[in-house]
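A.B. asks: below: sequence and its predicted model.
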Amino acid sequence: MSEFRQDIVSKHWVLFAPNRTNRPEDFVVSPATPHNLPSSDKTCVFCPGNEAYNQEIASYPKGHKWQIRVIPNKFEALGHRGGREKSDFYIVREGMGDHEVIITRPHNILTGFLEDRLMDLNLKVYQERMRELSNHPEVQYIHIFQNHGRDGGASLAHPHSQVAATPFVPEHLHDEVTGSFVYFMQNGACVYCEMILKELSDRERIVLDDKDFLVFTPFASRVPYALRIIPKRHHASFIDMSDRERFSLARILKTMLQKLYAKFHNPSYNYYIHTMPVSHSLLTRYDDRSYHWHLEILPRLNIWGGFELGSDVYVNTVVPEVAADILRQP
């Protein structure tokens, strides 16, 4: 039986239409990346030996033995060249900002299979780029994400993440932060902290319950087998995560990506971090007490059609409770 579910924070609707309970084998997808890739590829611009092809922003450690490298995106969606500031009718703003790529060294090791220490370093670099870009006066939001596979929007097989620093807060994030603030003003509590308590009480959507983080399938998941990783300790910004928490997150993120790899034979996916905007101006709804950072993983197992694109109401054929039960299994 179909039902509409509303996201308690953003108020966006999702239509669940489980005309049959989709098991992992019902999603026929091609592997997101080829098998048997070499550890280094001379033709790959991200691989060691090809550093001259890219301007370097930072590397960890410095020198030819780097394990993580940060470079500008050669085909940047944001930059500092400016653009139109005015229009005679439509609202226009410059595409100002920063667009960076964070590369892990091995060409043939997917992010979910990195060594713990390298995965932790990858997350630490996320934090450091956030801190650095927060100092740019034009930046109001920093979006860190990873695209994996063709259906996830990745154009290169070499594992990498991206950082987009924008001069405004994207609408989806603004809605989320605002929804959290409204809940806080009405109930005197963080909606995400309340969500954690609800999920711990219900148990049916939990995939992993860790000391520092909870992993669950969101009540109004937009896509089949979507996952949310959220810290149990309340803090609004990803930057504020402690070293111990970051190492826990590294292990948990690896575990979840490995589960998706095994269940769906290396599917395309996107993961991204939702964190407090940089701007803490007169917008009182941007309140550290009411917002709670989290990481979302969206496997790309289905294709959105005219209903989703035309109505902005997503159709999900796998209810989160079933998805969680399948993902909990070895």
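C.D. replies: Noted; the coordinates are in hand.
A.B. asks: quickly find the element holding the residue nearest to residue 328 when sequence neighbours are not counted.
C.D. replies: The shortest distance from residue 328 to any non-neighbouring residue, by C-beta to C-beta, 6 or more residues apart in numbering, is to residue 207 (5.6 Å). C-beta coordinates here come from the backbone N, C-alpha and C atoms, glycine included. In the assignment (DSSP states H and E), residue 207 maps to strand 206-209.
A.B. asks: now do residue 125
C.D. replies: Following DSSP H and E, one finds residue 125 within helix 116-134.
A.B. asks: tell me what that helix is packed against?
C.D. replies: strand 58-60, strand 68-72, strand 98-104, strand 141-148, strand 160-166, helix 243-264 (3 or more C-beta pairs under 8 Å, 6 or more residues apart in numbering; DSSP states H and E).
A.B. asks: among these, which comes closest to residue 182?
C.D. replies: strand 141-148 (19.4 Å; C-beta to C-beta).
A.B. asks: buried residues, that closest one. List them.
C.D. replies: Neighbour counts over strand 141-148 (16 or more other C-beta atoms under 10 Å) mark 141, 142, 143, 144, 145, 146, 147, 148 as buried.
A.B. asks: the first one contacts residue 277, correct?
C.D. replies: Yes: taking contacts as C-beta atoms under 8 Å, residue 141 lies within contact range of residue 277: 4.7 Å.
A.B. asks: sheet partners, orientation included, of the strand holding residue 207?
C.D. replies: strand 213-216 (antiparallel) (DSSP bridges).
A.B. asks: shared neighbours, residue 141 and residue 277?
C.D. replies: Common contacts of residue 141 and residue 277 (C-beta atoms under 8 Å, 6 or more residues apart in numbering): 169, 173.
A.B. asks: just give the number of residues close to residue 176.
C.D. replies: Residue neighbour count, defined by other C-beta atoms under 10 Å, stands at 22 for residue 176.
A.B. asks: same thing with residue 226?
C.D. replies: Neighbour count of residue 226, defined by other C-beta under 10 Å: 22.
A.B. asks: that one and residue 108, how far apart?
C.D. replies: Using C-beta to C-beta, to the nearest Å, we find residue 226 at a distance of 27 Å from residue 108.
A.B. asks: list the buried ones in the helix holding residue 125?
C.D. replies: The neighbour-count check on helix 116-134 (16+ other C-beta under 10 Å) flags 118-130, 132-134 as buried.
A.B. asks: which of the residues you listed lies closest to residue 159?
C.D. replies: For these, the closest approach to residue 159 (C-beta to C-beta) belongs to residue 122, at 9.3 Å.
A.B. asks: got any ranges where the stretch 151-300 of the chain has weak pLDDT?
C.D. replies: Across the stretch 151-300 of the chain, the ranges flagged by pLDDT under 70 are 279-284.
A.B. asks: mind listing the helices for it?
C.D. replies: 171-187, 191-202, 243-264 (DSSP state H, counting those that start in this stretch).
A.B. asks: for the last one, output the C-alpha coordinates as PDB.
C.D. replies: Once non-C-alpha atoms are left out, helix 243-264 reads as follows in PDB (Å, rounded to 0.1, in the frame of the first residue of the first chain):
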ATOM      1  CA  ASP A 243      39.700  13.600  16.400                       C
ATOM      2  CA  ARG A 244      38.200  10.500  18.200                       C
ATOM      3  CA  GLU A 245      34.800  11.100  16.600                       C
ATOM      4  CA  ARG A 246      36.400  11.600  13.200                       C
ATOM      5  CA  PHE A 247      38.200   8.300  13.400                       C
ATOM      6  CA  SER A 248      34.900   6.600  14.400                       C
ATOM      7  CA  LEU A 249      33.300   8.200  11.400                       C
ATOM      8  CA  ALA A 250      36.100   7.000   9.100                       C
ATOM      9  CA  ARG A 251      35.400   3.400  10.100                       C
ATOM     10  CA  ILE A 252      31.600   3.700   9.900                       C
ATOM     11  CA  LEU A 253      31.600   5.400   6.500                       C
ATOM     12  CA  LYS A 254      33.900   2.600   5.200                       C
ATOM     13  CA  THR A 255      31.600   0.000   6.600                       C
ATOM     14  CA  MET A 256      28.500   1.500   5.000                       C
ATOM     15  CA  LEU A 257      30.200   2.000   1.600                       C
ATOM     16  CA  GLN A 258      31.400  -1.600   1.800                       C
ATOM     17  CA  LYS A 259      27.900  -2.800   2.500                       C
ATOM     18  CA  LEU A 260      26.500  -1.000  -0.500                       C
ATOM     19  CA  TYR A 261      29.400  -2.400  -2.600                       C
ATOM     20  CA  ALA A 262      28.600  -6.000  -1.600                       C
ATOM     21  CA  LYS A 263      24.800  -5.800  -1.700                       C
ATOM     22  CA  PHE A 264      24.600  -4.000  -5.100                       C
END
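A.B. asks: low-confidence stretches in the stretch 1-150 of the chain?
C.D. replies: Applying pLDDT under 70 to the stretch 1-150 of the chain flags the ranges 1-2, 17, 19-23, 25-30, 75-96.
A.B. asks: could you redo the last one with a cut-off of 50?
C.D. replies: Along the stretch 1-150 of the chain, segments meeting pLDDT under 50 span 20, 83-84.
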